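A.B. asks: sequence first, then the predicted structure:
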Amino acid sequence: MTQGFKVCTRVCVSVFRSITLCVTLNLHGFSKMYSMCFSESVVKSEDFTLPAYVDRRDYPLPDVAHVKHLSASQKALKEKEKASWSSLSMDEKVELYRIKFKESFAEMNRRSNEWKTVVGTAMFFFGITALIVMWEKRYVYGPLPQTFDKEWVAMQTKRMLDMKVNPIQGLASKWDYEKNEWKK
Amino acid sequence: MAPEVLPKPQMRGLLARRLRFHMVTAFVLSLGVAALYKVGVADKRKKAYADFYRNYDAMKDFEEMRKAGIFQSVK
C-alpha cells in the first residue's frame, strides 16, 4: 500500500514538473492561461490596472483595440472609416481589421506541436520515477511474504477449488472437476 | 493577401446543428451500450445461474467438499 502511495506522489510530482517546465519556458499559450491581461511581452506596471487586449476564442470582442497609438496614415484611415464603407478598398479594410485585432480566429486557433513536448517530458519524468522505484525495490524493500511463493499459491488455489469458490461464473466455474484440470 | 474569394461560411443554425448531432449520437450510444450490457452481461449471467442451479444437488456438493477435507466441523 505505501509503495503505491509513493509511486502516486512521484507521478504527480513528475507531471507537476513537466507543467512548470512548460510554464517557465513560456511555451505557446501558457502565459495567456494565467489571466486575460497578457498581450505584449513587455508591459509597464500600471498597465495591469487598465483594460487590456486579449486574443481569446471565448472573448471575441476585446476591451481595447490592438493598436493603441495610430500612425498618421492609420489616423487618416480611421477618418475615412467614418464615411461610407463601400469606398474602402480591400487592403484598407484589412488594415482596419489589423488595427483592431492582433490575430484572427484562424490564427489564434492554429494548432501547434506543444503536445509532443508535454507528452515527451511527462514520459521522461515517468521513466525517471520508474528508475527510482526499481532502485527502491532492490535496496529498500524487504522480502515478499511466503504467501507469494509458487508452492503456497498452488496450495491456496487447490483449497479454493475444493471449497468451490465462485462456482457459477468465477474461479471454480473455470475448473473441470471430472478431468481435474482447467477447462479449455 | 491574394484576392481569392472564400466560400461564405455557415452563419446560422450552428447550435441547432450541433445539438441535433449530439442528441442523436447520445441516444444511439446510450441505447447501444444498454442493449449490449443487457445481452452480454445481464442475460448471460441469468443464464449461467439458471444452468448452474437446474440440476444442482446441494448434498452431493457438500459431500465432495467434505471429502476434499476443507471443513473443521466434519471430516
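C.D. replies: Yep, that arrived.
A.B. asks: where does chain A have low pLDDT?
C.D. replies: Chain A contains residues with pLDDT under 70 at A:1-46.
A.B. asks: would you map the strands across it?
C.D. replies: Counting by DSSP state E, chain A has strands at residues A:175-176, A:181-182.
A.B. asks: nearest to A:I168, out of these?
C.D. replies: strand A:175-176 (12.5 Å; C-beta to C-beta). (Each C-beta comes from the backbone N, C-alpha and C, glycine too.)
A.B. asks: what packs against the closest one?
C.D. replies: strand A:181-182 (3 or more C-beta pairs under 8 Å, 6 or more residues apart in numbering or on different chains; DSSP states H and E).
A.B. asks: how distant is the strand it packs on from the center of its chain?
C.D. replies: Taking the mean of its C-alpha atoms, strand A:181-182 sits 47 Å from the chain's own mean (C-alpha atoms, centre = their mean, to the nearest Å).
A.B. asks: kindly report the same for stretch A:87-100.
C.D. replies: 38 Å.
A.B. asks: cool, stretch B:65-72 as well?
C.D. replies: That offset, for stretch B:65-72, works out to 38 Å (C-alpha atoms, centre = their mean).
A.B. asks: now the end-to-end length of that stretch.
C.D. replies: Taking C-alpha to C-alpha, to the nearest Å as the measure, stretch B:65-72 stretches 11 Å from start to finish.
A.B. asks: how about stretch A:171-178?
C.D. replies: Stretch A:171-178: ends 16 Å apart by C-alpha to C-alpha.
A.B. asks: where do the helices of chain B begin and end?
C.D. replies: For chain B, the helices defined by DSSP state H occupy B:14-37, B:44-54, B:58-68.
A.B. asks: please produce JSON lines containing those, extended by distance to A:R111, mean neighbour count and mean pLDDT.
C.D. replies: Formatted as JSON lines, these follow (distance: least, C-beta to C-beta, whole Å; neighbours: other C-beta atoms under 10 Å in any protein chain shown; pLDDT from 0 to 100):
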{"stretch": "helix B:14-37", "distance to A:R111": "21", "mean neighbour count": "10", "mean pLDDT": "98"}
{"stretch": "helix B:44-54", "distance to A:R111": "44", "mean neighbour count": "11", "mean pLDDT": "97"}
{"stretch": "helix B:58-68", "distance to A:R111": "63", "mean neighbour count": "11", "mean pLDDT": "96"}
